[in-house]
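Student: A predicted structure for the sequence below; I have some questions about it.
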Amino acid sequence: LPEFEPEHAIILNVDEEHLEYFESLERVCQEFQVFASRVTGKLIFCADDPQLVRLFAGKTYAVSYGFNPSANYRVEMDRGEALHDSAAAGRTRFKIFKRGELMGAFHTRLLGAMNVCNAAAVAALLLELGFEAADIAEGFGDFTGAGRRLEEIYHDSDVRVFEDYGHHPEEIEVTLDALRELGSRRLLVAFQPHKYTRTRHLLRQFAKSFHAADKVWISEVYPAGEEEIPGVSGEVLSGAIAETGQQAQFVPNLDQLRRAVREEMRPGDLALFLGAGDITAAARLLADELETDRME
């Protein structure tokens, strides 16, 4: 990251990611330290991430946020006041405190604790820069999210279909937890692994990340330009998930994946298509098929 010259920066988390390049988590951390050293203004970091706490806690130039009680800007969700409309993402209310003082009350239309935490990161930076809490809250209220990030692409009175770009075990866990908050009868998850190297490095973490799902389908790995690695495949990942006691099935191609999910869907179910590759095509085609059926 040495080519970046940021005035202000927010660091959300550090994961075991892109290890085909960085070789180890410690090397990833070193790169973030280089990045942080180039920030000339405010550096905001998440106090819920142990690696970031290790790197930046106590540094005079760094300001923390998060659910962690030690955060400079502490987030508190009002779970009892969470609102869920029938058509789209839920609205969740939260407050931000600085050293025990209430800085403001906010709400976001996005789902889940991770989206609340990300919103708090933005609020922390803006508050540090002198913006008023009321103006920040108004901005959050209008934001409907980014494409392929817990995006609802179909709903009717019986079923809902979402897609998400998440392709790392920790992303998968928080995404599934967020969708569980919607109270669907079953959570059906179709996942396309992204890159052979990532699947190999994080196989065991992937295997444990689908615990919130009722049924899981795994497609073949999306290579993203990589050469196939012997012994690394969607089928191997599906088997590793099944070993944890989860219902998991390997489905080699995306057409079969879409059909398998559709055949399984029952009233009250929520289906999630997950991954950074071309699985979005299968998700969108299913949404189109369901819409066509509804109109007939």
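Tutor: Looks like it came in fine.
Student: Just give me the neighbour total for G268.
Tutor: For G268, the count of nearby residues is 13 (other CB atoms under 10 Å). Glycine gets a C-beta too; all of them are placed from N, C-alpha and C.
Student: and the residue nearest to it when sequence neighbours are not counted, what are its phi and psi?
Tutor: Using CB to CB, 6 or more residues apart in numbering and skipping the chain neighbours, the partner closest in space to G268 is R185 (3.2 Å). For R185, the backbone dihedrals (degrees, to the nearest 10) come out as phi -60, psi -50.
Student: that's a helix at E5, yeah?
Tutor: No - going by DSSP: H, G, I helix; E, B strand; the rest coil, the assignment for E5 is coil, not a helix.
Student: if I read this right, it contacts R38, doesn't it?
Tutor: Yes - counting by CB atoms under 8 Å, E5 touches R38, with 5.7 Å between them.
Student: And the two? Which one has more around it.
Tutor: Between E5 and R38, R38 has the larger neighbour count (other CB under 10 Å), namely 15 against 8.
Student: that older thread, and the residue nearest to G268, how many residues sit next to it?
Tutor: For R185, the neighbour count with other CB under 10 Å is 13.
Student: F106 - that's part of a strand, no?
Tutor: Yes - F106 sits within a strand when classified using three-state DSSP.
Student: check contacts around it.
Tutor: R93, F94, K95, I96, A119, A123, A133, I136, A137, F140 (CB atoms under 8 Å, 6 or more residues apart in numbering).
Student: Tell me which other helices or strands the helix or strand harbouring the first one touches.
Tutor: Element membership for R93 (DSSP states H and E) is strand 92-98. Applying 3 or more CB pairs under 8 Å, 6 or more residues apart in numbering; DSSP states H and E, one finds that strand 92-98 contacts strand 73-77, strand 101-108, helix 112-128.
Student: if we compare these, which one ends up closest to Q33?
Tutor: Closest of the helices and strands packed on strand 92-98 to Q33 is helix 112-128, at 18.8 Å (criterion: CB to CB).
Student: Which stretches in the stretch 101-250 of the chain count as strands?
Tutor: With DSSP state E, counting those that start in this stretch as the criterion, the stretch 101-250 of the chain has strands at 101-108, 151-155, 160-164, 187-191, 215-218, 248-250.
Student: Could you name the stretch from the helices and strands packed on strand 92-98 that's closest to R54?
Tutor: helix 112-128 (18.3 Å).
Student: Please point out which parts of the closest one sit buried.
Tutor: By 16 or more other CB atoms under 10 Å, the buried positions in helix 112-128 come out as 112-128.
Student: Same question for stretch 234-250.
Tutor: Buried, per 16+ other CB under 10 Å, within stretch 234-250: G234, E235, V236, L237, S238, A240, I241, A242, Q246, A248, Q249, F250.
Student: ok so, going back, format the helices and strands packed on strand 92-98 as a markdown table; extra columns: distance to Y165.
Tutor: Formatted as a markdown table, those follow (distance: least, CB to CB, whole Å):
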| stretch | distance to Y165 |
| --- | --- |
| strand 73-77 | 23 |
| strand 101-108 | 18 |
| helix 112-128 | 13 |
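Student: now these in CSV, with mean pLDDT and distance to V159?
Tutor: Formatted as CSV, the helices and strands packed on strand 92-98 follow (pLDDT from 0 to 100; distance: least, CB to CB, whole Å):
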stretch, mean pLDDT, distance to V159
strand 73-77, 95, 27
strand 101-108, 94, 25
helix 112-128, 94, 20
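Student: Of all those, which one comes closest to A9?
Tutor: Comparing those under CB to CB, the one sitting nearest is helix 112-128, at 8.7 Å.
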